[in-house]
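Asker: Predicted structure and sequence below. I'll ask about it afterward.
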Amino acid sequence: MSTTVAFIGLGHMGGPMAANLVGAGHRVLGFDLVPELLATAAGAGVEPAASAAEAVTAAEVVITMLPAGRHVLALYREQGLLAAARPGTLFVDCSTIDVADARAAHEAAVLAGHRSLDAPVSGGVVGAEAATLTFMAGGGSAEFAAAAPLLDAMGRKAVHCGAAGAGQAAKICNNMILAVSMIGVSEAFVLAESLGLDHQALYDVASTASGQCWALTVNCPVPGPVPASPANRDYRPGFGAPLMAKDLGLAANALRSGGVEAPLGLKAAEMYAAFAAAEGADLDFSAIVRTLRPQNGT
Ligand code: NAD
């Protein structure tokens, strides 16, 4: 069944996601502040709108894919998106934002007479283009069921994680595991170097022993053992260090506001913030290994 969707935010992720909705037979009205992105989306069959508010007036579902929580909340409230939509419209925010902002967005949508789901993604730009994203959703079961055909058109898997904000919570918890495990794997390779142990030998043992994890066997931070990992192409992302730093910042906010002790998560957030602001700005997050060597060399 074809659904009329308003898609706001047609950047690296939103552009291909909107195009995949068109490809699945949905009518998509799009808007982005950057005219060139709107033109690219139009080339893929998205109907360009003059404003976000104009895009939502005819929509049954509104999908947002924006940089941060402040953009989502400003659009919903001050910039009049909730007011412009028809009563009962389903708002699906796919951006990665603070859990507290996600809950505030839900509350504002429901207060305005709408339905709401947070549905952040993992899978990156490659997953957005290939429609292989994983969605983690928070909200009611009826809202999740209503969004499911659209999520299926943009991804491979959608998990209903719980009530409002649970999708964002799952996203930041997962990425905190990933960051801590990547630093742990990197430290182990650096220790191996100082002990004269080959990268490949450590990999051959740890990849089938209890040290096994995604950071080792898929995104291995040293060149050689896993030919497709970013380390083999000068750490071209992949998953960029600034995106990891952003997600860890959201995890750190949630840790502090919940009074949760997580020294490794907080340390990882600090390390990735420093790395992303300096030499890691354009690199895959696995390049953090470079900062761990005693002489901070290559
Ligand atoms: P992006 O900067 O490429 O796209 C965001 C778009 O939002 C921009 O084009 C911007 O012009 C637009 N925008 C901002 N305010 C707007 C407004 N008021 N009205 C209309 N458009 C507006 O970012 P991205 O890489 O596409 O990421 C989007 C979200 O997805 C972020 O929250 C990010 O953390 C998350 N995410 C990104 C990746 C990735 O690999 N890029 C992976 C997973 C999750």
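Answerer: Looks like it came in fine.
Asker: What residues does the stretch 1-150 of the chain have near the ligand?
Answerer: Taking Cβ under 6 Å from any ligand atom as the criterion, the neighbours of the ligand within the stretch 1-150 of the chain are 8-14, 31-34, 37, 52, 65-67, 71, 75, 95-96, 121-122, 124-125. The way it works is simple: take the backbone N, C-alpha and C, and place the C-beta from them, glycine included.
Asker: Quick check on these: which are buried?
Answerer: 8-11, 13-14, 31-32, 37, 52, 65-66, 71, 75, 95-96, 121-122, 124 (16 or more other Cβ atoms under 10 Å).
Asker: which ones among those are found in helices?
Answerer: Using DSSP state H, the members of those that fall within helices are 14, 37, 52, 71, 75, 124.
Asker: Need the max-distance pair from these.
Answerer: Put simply, by Cβ to Cβ the two of these set farthest apart are 52 and 124, 24.8 Å from each other.
Asker: got the buried residues for stretch 277-293?
Answerer: Using 16+ other Cβ under 10 Å, the residues of stretch 277-293 that count as buried are 279-280, 283-292.
Asker: Likewise for stretch 152-161?
Answerer: 153-155, 158, 160-161.
Asker: I figured residue 96 was touching residue 250, is that so?
Answerer: Yes. The pair residue 96 / residue 250 is scored as a contact, 6.9 Å apart, by Cβ atoms under 8 Å.
Asker: list the residues that contact both of these two?
Answerer: With contacts taken as Cβ atoms under 8 Å, 6 or more residues apart in numbering, residue 96 and residue 250 have 168, 172 as neighbours in common.
Asker: what ranges of the stretch 1-150 of the chain fall below the confidence cut-off?
Answerer: In the predicted model, the stretch 1-150 of the chain carries no residue with pLDDT under 70.
Asker: Pick out the residue of it closest to the ligand.
Answerer: Nearest residue of the stretch 1-150 of the chain to the ligand, counting by Cβ to the nearest ligand atom: residue 11, 2.0 Å away.
Asker: Torsion angles phi and psi at that residue?
Answerer: phi -80, psi -150 (degrees, to the nearest 10).
Asker: Next, the contact list for it, please.
Answerer: Here residue 11 is in contact with 32, 34, 37, 65, 67 (criterion: Cβ under 8 Å, 6+ apart).
Asker: likewise residue 184?
Answerer: In this structure, residue 184 makes contact with residue 215, judged by Cβ under 8 Å, 6+ apart.
Asker: for it, helix, strand, or coil?
Answerer: Reducing the assignment to helix, strand or coil with DSSP: H, G, I helix; E, B strand; the rest coil, the entry for residue 184 is helix.
Asker: separation between it and the ligand?
Answerer: Summarising the geometry, the distance separating residue 184 from the ligand, computed by Cβ to the nearest ligand atom, to the nearest Å, is 22 Å.
Asker: Residue 164 too?
Answerer: When distance is defined by Cβ to the nearest ligand atom, residue 164 is 17 Å away from the ligand.
Asker: doesn't residue 102 make contact with that residue?
Answerer: Yes. Here residue 164 reaches residue 102: they are 6.8 Å apart, a contact under Cβ under 8 Å.
Asker: Between the two, tell me which one has more neighbours.
Answerer: residue 102 (31 against 22; other Cβ atoms under 10 Å).
Asker: ok, and what's touching the one helix or strand the more buried one maps to?
Answerer: In this structure, residue 102 sits in helix 99-111 according to DSSP states H and E. Contacting residues not belonging to helix 99-111 are listed as 68-70, 72-73, 76-77, 82, 91, 93, 97, 115-116, 118, 138-139, 164-165, 167-169, 172, 250, 253-254, 257 [Cβ under 8 Å, 6+ apart].
Asker: just how off-centre is it within its chain?
Answerer: Its chain's C-alpha centre lies 18 Å from the corresponding centre of helix 99-111 when counted by Cα atoms, centre = their mean, to the nearest Å.
Asker: CA atoms of the next helix or strand after it as PDB?
Answerer: Helices and strands here follow DSSP H and E; after helix 99-111, the next one along the chain is strand 115-118. Output of strand 115-118 as PDB, limited to C-alpha atoms (Å, rounded to 0.1, in the frame of the first residue of the first chain):
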ATOM      1  CA  ARG A 115       1.500   9.700  17.000                       C
ATOM      2  CA  SER A 116       5.200   9.300  17.500                       C
ATOM      3  CA  LEU A 117       8.100   6.900  17.200                       C
ATOM      4  CA  ASP A 118      11.900   7.300  17.700                       C
END
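Asker: list the helices and strands strand 115-118 packs on?
Answerer: In terms of contacts (3 or more Cβ pairs under 8 Å, 6 or more residues apart in numbering; DSSP states H and E), strand 115-118 is packed against strand 90-93, helix 99-111, strand 133-139, helix 141-154, helix 166-195.
Asker: I'm done for today, thanks for sticking with me.
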